[in-house]
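In: sequence first, then the predicted structure:
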Amino acid sequence: MTTPHFVKRENIIVDTEYIQWLSNLKKRFRQSQAKAVVRLNQSMLEFYWSLGRDIVALKAESKWGSNFFNQLSIDLQQTFPRQKGFSVTNLKYVKRWYQFYYEQIRIRQQAADELQAEKFYLPEGDIRQQAADKLELPEKFAFVPLYHHVEIITKCQSLEEALFYITKCIENNWSREQLGDEIKANLFERQGGAITNFWNTLPIAQQQLAQEILKDPYNFSFLDIQQSHDEKQLEEALISNITRFLLELGQGFSFVGRQMELQMPGGQTFFPDLIFYHIPQHRYVVVELKAVKYIPEFAGKLNFYVTAVDELMRGEGDKPTIGLIICKSTDKTVVEWSLKDICKPLGVATYQLEEVVERTVKEFELNNK
C-alpha cells in the first residue's frame, strides 16, 4: 500500500489531494477573473452604445449647439472624475460608432422597402436583422474592446467588412495594432479570393468553408528578399519566417513539412514544396510556390501531389486534401480553364512583396478618401 505524500505547513497537512484541489481552485478563479473582465467590458460597451444611440436619436448637436460635446464631457467628468472615456474625442467616437451601424442598417431597410423583399435580411440575431431605430448591441461586440471598434468603423467601408473584422478579432485575439495591420493589408478583400475549382470537386457542405481558408493575394511583405528571386529563395525565406507565414495563411494552419518525401509503391519518390494541415477542417493542404506567372502545367503537377497525399497520408476522419499554387501573377481565364477538368480540389493565388503591397495600399487609400 502506497503512503500518500504530504508535508506539514502552517499547522495543516498538505497532501497530493490538497495540492490538486488548490490548483483547480486557482484555475477557476482565473476563469472568473476573465469572465468578470468580459462582463465589465460588455457593460461599458452597452453604455457607450446607448449613449451613441441617444446622441443620434436626439440630434444633440442640432438641438443643443456646436459646443454640445465639450459641455457633455465636462458634465460627465465632473460627476465621474476617475472614469476614463469621457473626453470630447471619445464621445465623438461613441457617436460615430453607433452611427456607422445605424446608417448601414437604414440604407439596407430602404433598399428592402424599394425592392419589397421580405427576406432581404440575414438570419435573426445578427445586427443586420435589426430595425435601424432600435439597434441593440450585438452580443459578440462585447468581446472586442472599444478602441478596436473605433479602428474598425473609421477604416471600414461597409457593414460586411466591419463584421468580418469583428469576427476575426474574436477568433484570433488580435491586438489593436494587429487589427490595423490586417485592415491596411485589406484582408477582407483577400480572404477567399483565390481562384478554385472547389465547386466541382468538393461536397457542397465543404465548398464555402474550403474557399474561405484561401486568400489572394498573400502578403509576403515580411520577407527580406529581392524582387528578382527564384522559387528556392522564396521557399527558404518563407521557412525562415514560418511563424509569420502561418499567420498570413490564417487561423488553424499547422506546418507539416518542407520537401517531404512521397514514396510511391513502386519506389519512385516525389517532393512537394510545403505541406500544411488545417486543424479546424481536418484536411491537408499542399502548397506549391512559383516565382513566375502561372501556367497550366502547374495544375497537373499539383493535382498529382494532392492525390499522393490523399493516398499516403490522409487518415480516417480527414477531409479531402486541397492544393494551393502561390505564384507571382496570373491570368484569370488561363487559371479557370486549366482547373476546369482537374479532378482534385485546387486553388491558385498570387503573392505580393513589400514594394507591391505598399503601392496597392496607397492606391486603395487614395481611391477611398
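Out: Thanks, I have the structure now. Numbers count the residues shown, from 1 in each chain.
In: any idea how many residues pack against Gln33?
Out: Neighbouring residues of Gln33 were enumerated by other CB atoms under 10 Å; the total is 10. (C-beta placed from N, C-alpha, C; glycine too.)
In: avg pLDDT for stretch 139-157?
Out: Averaging pLDDT along stretch 139-157 gives 90.
In: for that stretch, could you pull out the residues that count as buried?
Out: The neighbour-count check on stretch 139-157 (16 or more other CB atoms under 10 Å) flags 141-146, 148-153, 155-156 as buried.
In: just stretch 211-231 next, same as before
Out: Residues of stretch 211-231 classed as buried by neighbour count (16+ other CB under 10 Å): 211, 213-223, 225.
In: out of those residues, who's nearest Gln281?
Out: Taking CB to CB as the measure, Gln281 sits nearest to Ile213 out of the buried residues of stretch 211-231, at 6.8 Å.
In: what sits against the residue sitting nearest the centre point of the chain?
Out: In the chain, the C-alpha nearest the mean C-alpha coordinate belongs to Lys168, at 3.4 Å (CA atoms, centre = their mean). With contacts defined as CB atoms under 8 Å, 6 or more residues apart in numbering, Lys168 is in contact with Trp174, Leu179, Glu182, Leu187.
In: which outside residues touch stretch 315-327?
Out: Stretch 315-327 is contacted by residues 194, 198, 201-202, 206, 210, 214, 218, 281-294, 298-299, 302-303, 305-306, 309-310, 313-314, 344-351 when judged by CB under 8 Å, 6+ apart.
In: those helices in the stretch 201-350 of the chain, which residues are they?
Out: In the stretch 201-350 of the chain, helices defined by DSSP state H, counting those that start in this stretch lie at 204-212, 231-240, 242-249, 297-312, 332-340, listed in chain order.
In: wait, a helix at Val23?
Out: For residue 23 the amino acid is Ser, not Val. Yes: using DSSP: H, G, I helix; E, B strand; the rest coil, the assignment for Ser23 is a helix.
In: how close does it get to Thr16?
Out: Using CB to CB, to the nearest Å, we find Ser23 at a distance of 11 Å from Thr16.
In: what ranges does the stretch 151-300 of the chain have for its strands?
Out: According to DSSP state E, counting those that start in this stretch, the stretch 151-300 of the chain carries its strands in the segments 195-196, 218-219, 253-258, 262-263, 269-270, 274-278, 283-293.
In: off-centre distance for the longest one?
Out: On the basis of CA atoms, centre = their mean, to the nearest Å, the separation between the geometric centre of strand 283-293 and that of its chain is 21 Å.
In: enumerate the positions of that strand that are buried.
Out: So, applying 16+ other CB under 10 Å, buried residues of strand 283-293: Arg283, Tyr284, Val285, Val286, Val287, Glu288, Leu289, Lys290, Ala291.
In: quick check, nearest of these to Ser32?
Out: For Ser32, the closest of the buried residues of strand 283-293 turns out to be Arg283, at 37.1 Å, with distances computed as CB to CB.
In: spatially nearest residue to that closest one (excluding sequence neighbours)?
Out: Spatial nearest neighbour of Arg283, excluding adjacent residues (CB to CB, 6 or more residues apart in numbering): Lys319 at 4.2 Å.
In: any stretches of the stretch 201-350 of the chain with poor pLDDT?
Out: Under the criterion of pLDDT under 70, none of the stretch 201-350 of the chain is flagged as low confidence.
In: skipping adjacent residues, who's closest to Pro296 in space?
Out: Leaving aside its sequence neighbours, Pro296 sits nearest to Ser338 (CB to CB, 6+ apart; 3.8 Å).
In: contact partners for that neighbour?
Out: Residues near Ser338 by CB under 8 Å, 6+ apart: Pro296, Phe298, Ala299.
In: now the buried members of these.
Out: Of the contacts of Ser338, these count as buried by 16+ other CB under 10 Å: Phe298, Ala299.
In: got the contacts of Ser338 as CSV, with distance to Arg108 columns?
Out: Converted to CSV, these look like this (distance: CB to CB, whole Å):
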residue, distance to Arg108
Pro296, 42
Phe298, 42
Ala299, 40
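In: about what we covered before: rebuild the helices of the stretch 201-350 of the chain as TSV, extending it with distance to Glu136.
Out: Shown next, in TSV, are those (distance: least, CB to CB, whole Å):
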stretch	distance to Glu136
helix 204-212	28
helix 231-240	45
helix 242-249	34
helix 297-312	46
helix 332-340	42
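In: C-alpha coordinates for stretch 302-316, CSV please?
Out: Once side chains and other backbone atoms are set aside, the C-alpha atoms of stretch 302-316 remain, and they are given as CSV (Å, rounded to 0.1, in the frame of the first residue of the first chain):
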residue,chain,number,x,y,z
LEU,A,302,-0.2,19.7,-58.0
ASN,A,303,-3.1,17.5,-58.9
PHE,A,304,-0.8,14.5,-58.7
TYR,A,305,0.7,15.7,-55.3
VAL,A,306,-2.8,16.1,-53.8
THR,A,307,-3.7,12.6,-55.0
ALA,A,308,-0.5,11.2,-53.5
VAL,A,309,-1.1,12.9,-50.1
ASP,A,310,-4.6,11.5,-50.1
GLU,A,311,-3.3,8.0,-50.7
LEU,A,312,-0.3,8.1,-48.5
MET,A,313,-1.1,10.5,-45.6
ARG,A,314,-4.8,11.1,-45.3
GLY,A,315,-6.2,9.3,-42.3
GLU,A,316,-9.7,8.2,-41.1
